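Asker: A predicted structure for the sequence below; I have some questions about it.
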Protein chains: 2
Amino acid sequence: MQLLKERILSEGQILGDDVLKVDMFLNHQIDVALLDEMGKEFYRLFENRGINKIVTIESSGIAIACMAAKYFQVPVVFAKKGKSRNIGDDLYISSVYSFTRLDSYLITVSKKYLSGKDNLLIIDDFLANGHALSGIMDIANQAGAHIEGIGIAIEKAFQGGGDRLRKKGLDIQSLAVIQSIDNGKITFADDQTEKI
Amino acid sequence: MQLLKERILSEGQILGDDVLKVDMFLNHQIDVALLDEMGKEFYRLFENRGINKIVTIESSGIAIACMAAKYFQVPVVFAKKGKSRNIGDDLYISSVYSFTRLDSYLITVSKKYLSGKDNLLIIDDFLANGHALSGIMDIANQAGAHIEGIGIAIEKAFQGGGDRLRKKGLDIQSLAVIQSIDNGKITFADDQTEKI
């Protein structure tokens, strides 16, 4: 998605050889008009696939998921991070290892909001090593839900998570795929999304 | 806002005499169509007020803030919760006491995204004792930003935060104002929002 790539190039902050900060429009300040275009693009990529629910993870996935959900006309469910005071039989729980924090955290979803009847689109802001995504997929599997597709805003292909998960047969569509970050220069992979 | 009140009555879960859970449509599963109507209503209440930015707090304020921002055509900035690995001169920081957790937590906003030029609408999902709101207001004040208005989805008037803050001259508009929760029965206060 050309619009997103341009914003990454003009406003993204590169830290070292692997960290890209997009606080200016995605993760702290949110450019809602841009996210609306991203939501529309996810709809173009996954419409007519019978998706009945969008699942994401707090916090930075919520805005993108909601903008997409408006086009799909389906609800969003977001996995909550951190220990719940309410751990019991009524929650699906998974553990996510974070390279950024060098620690694991729990994610939870109430059993009320996911079931074997669901045909899910999972949306998240970043895909790097794929740990967060694997946690959401684990929860979807616990619920017996079908994962119809995965929509990612920014994939850091050089961290390998996307390829590893695609080999399992998952349909992952990323709006901007970064092949490498080298000496402050971002190189995008070709992608299949519309040039908008 | 009639639509929100009806959803609270039909789907809200009451715990004890003061807790209302709206996980079904607002805080865990998100009914994006409802939130879009809420965003439209915030726009009706605060349009022509020169608002240039909407500020909220992660996680459950983000979806409502984004839906409203679409109508205002302004960016959203969300305060991040918890200790940052990045505390320094570049962050506004405030502390919020949580009655639910019986503990305090930090909220932070990058100095890049708030300044004395900003005319803010603060949006949040709940207003009870007003501690979270006071934290965001503290950060807005540190930035020298003007708080033009405050939009709340659900105000629990019996916990007093709204009245205390209105006495300071703040324009707080709540889409559903709960006067009391008594023996499982919710009583709403009259409100000034449109009956939709």
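Answerer: The structure has been received and is ready for your questions. Residues are numbered from 1 along each chain as shown, chains lettered A, B, ... in the order given.

Asker: Which residues does A:Tyr105 form beta bridges with?
Answerer: The partner list for A:Tyr105 in beta bridges (DSSP bridges) reads A:Val96.

Asker: Could you verify my assumption that it touches A:Ile93?
Answerer: No. Contact status for A:Tyr105 versus A:Ile93: not in contact, 11.1 Å apart, counting by Cβ atoms under 8 Å. C-beta here means a position set from N, CA and C on the backbone, and glycine is covered the same way.

Asker: So for the longest helix along chain A, mean pLDDT?
Answerer: Scanning chain A for the helix with the most residues, using DSSP state H, yields helix A:32-46. When pLDDT is averaged over helix A:32-46, the result is 98.

Asker: Pull the contacting residues for the residue sitting nearest the centre point of chain A.
Answerer: Among the residues of chain A, the smallest C-alpha distance to the mean C-alpha position (Cα atoms, centre = their mean) belongs to A:Asp124, namely 1.4 Å. When contacts are counted by Cβ atoms under 8 Å, 6 or more residues apart in numbering or on different chains, A:Asp124 is found next to A:Thr56, A:Ile57, A:Gly61, A:Ile64, A:Ala132, A:Leu133, A:Ile136, A:Ile150, A:Gly151, A:Ile152, A:Ala153.

Asker: gap between A:Cys175 and B:Asp182?
Answerer: Let me fix one detail, which is that residue A:175 is Leu and not Cys. Using Cβ to Cβ, to the nearest Å, we find A:Leu175 at a distance of 49 Å from B:Asp182.

Asker: quick one: which of those two has more around it?
Answerer: Neighbours per residue (other Cβ atoms under 10 Å in any protein chain shown) separate A:Leu175 from B:Asp182, with A:Leu175 holding more: 25 against 11.

Asker: How about stretch A:9-22 and chain B, any contact?
Answerer: No. Where contact is defined by Cβ under 8 Å from any Cβ of the partner chain, no part of stretch A:9-22 touches chain B; the two come within 10.1 Å at best.

Asker: Quick one, grab the pLDDT at the nearest residue to A:Gly39 once chain neighbours are set aside.
Answerer: Sequence neighbours aside, A:Met67 is the residue nearest to A:Gly39 in space, at 3.3 Å (criterion: Cβ to Cβ, 6 or more residues apart in numbering or on different chains). Turning to A:Met67, the model gives it a pLDDT of 98.

Asker: three-state assignment of A:Met67?
Answerer: Under DSSP: H, G, I helix; E, B strand; the rest coil, A:Met67 falls in the helix class.

Asker: That one: what's it in contact with?
Answerer: Neighbouring residues of A:Met67 by Cβ under 8 Å, 6+ apart: A:Val32, A:Leu35, A:Asp36, A:Met38, A:Gly39, B:Cys66.

Asker: Out of those, give me the one that has the most neighbours.
Answerer: Of all the contacts of A:Met67, the most densely surrounded is B:Cys66 (29 neighbours; neighbours counted as other Cβ under 10 Å).

Asker: mind pulling up the phi and psi values for the closest residue to that residue other than its chain neighbours?
Answerer: Here the nearest residue to B:Cys66 in space, its sequence neighbours aside, is A:Ala63; by Cβ to Cβ, 6+ apart that works out to 4.8 Å. With angles defined as degrees, to the nearest 10, A:Ala63 shows backbone torsions of phi -60, psi -50.

Asker: Kindly report the residues of chain A close to chain B.
Answerer: When proximity is defined by Cβ under 8 Å from any Cβ, chain A lies next to chain B at A:23-25, A:28-33, A:35-36, A:58-59, A:62-63, A:66-67, A:69-70, A:73-78, A:80, A:85, A:101, A:109-110, A:112-113.

Asker: I'd say the residue nearest to B:Cys66 and B:Val76 touch.
Answerer: Yes. Taking contact to mean Cβ under 8 Å, the distance of 7.3 Å between A:Ala63 and B:Val76 places them in contact.

Asker: Pull up the overlap in contacts between the two.
Answerer: For the pair A:Ala63 and B:Val76, residues contacting each of them under the criterion Cβ under 8 Å, 6+ apart are A:Ile30, A:Val32, B:Ile62, B:Cys66.

Asker: Pull the most distant pair out of the residues you listed.
Answerer: Within the shared contacts of A:Ala63 and B:Val76, two members stand farthest from each other by Cβ to Cβ: A:Val32 and B:Ile62, at 10.7 Å.

Asker: count of neighbours near A:Asp190?
Answerer: Counted with other Cβ under 10 Å, the burial measure for A:Asp190 works out to 6 neighbours.

Asker: what about the helices in chain A?
Answerer: With DSSP H as the definition, chain A shows helices at residue ranges A:2-11, A:32-46, A:60-72, A:131-143, A:161-166.

Asker: So which of the ones you listed is nearest B:Ala189?
Answerer: With Cβ to Cβ, the closest approach to B:Ala189 among these belongs to helix A:60-72: 28.6 Å.

Asker: could I have the closest one exported to PDB, CA atoms only?
Answerer: The C-alpha coordinates for helix A:60-72 follow below in PDB (Å, rounded to 0.1, in the frame of the first residue of the first chain):
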ATOM      1  CA  SER A  60      -2.000  -0.600  19.000                       C
ATOM      2  CA  GLY A  61      -4.000  -3.100  17.000                       C
ATOM      3  CA  ILE A  62      -7.400  -1.700  18.200                       C
ATOM      4  CA  ALA A  63      -7.600   1.400  16.000                       C
ATOM      5  CA  ILE A  64      -6.700  -0.400  12.800                       C
ATOM      6  CA  ALA A  65      -9.000  -3.300  13.600                       C
ATOM      7  CA  CYS A  66     -11.900  -0.900  14.200                       C
ATOM      8  CA  MET A  67     -11.400   1.000  11.000                       C
ATOM      9  CA  ALA A  68     -11.400  -2.300   9.100                       C
ATOM     10  CA  ALA A  69     -14.400  -3.600  11.000                       C
ATOM     11  CA  LYS A  70     -16.400  -0.600   9.800                       C
ATOM     12  CA  TYR A  71     -16.000  -1.900   6.200                       C
ATOM     13  CA  PHE A  72     -16.700  -5.500   7.100                       C
END
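
Asker: Next one: A:Asn129 from B:Ser94, what distance?
Answerer: For A:Asn129, the distance to B:Ser94 (Cβ to Cβ) stands at 33 Å.
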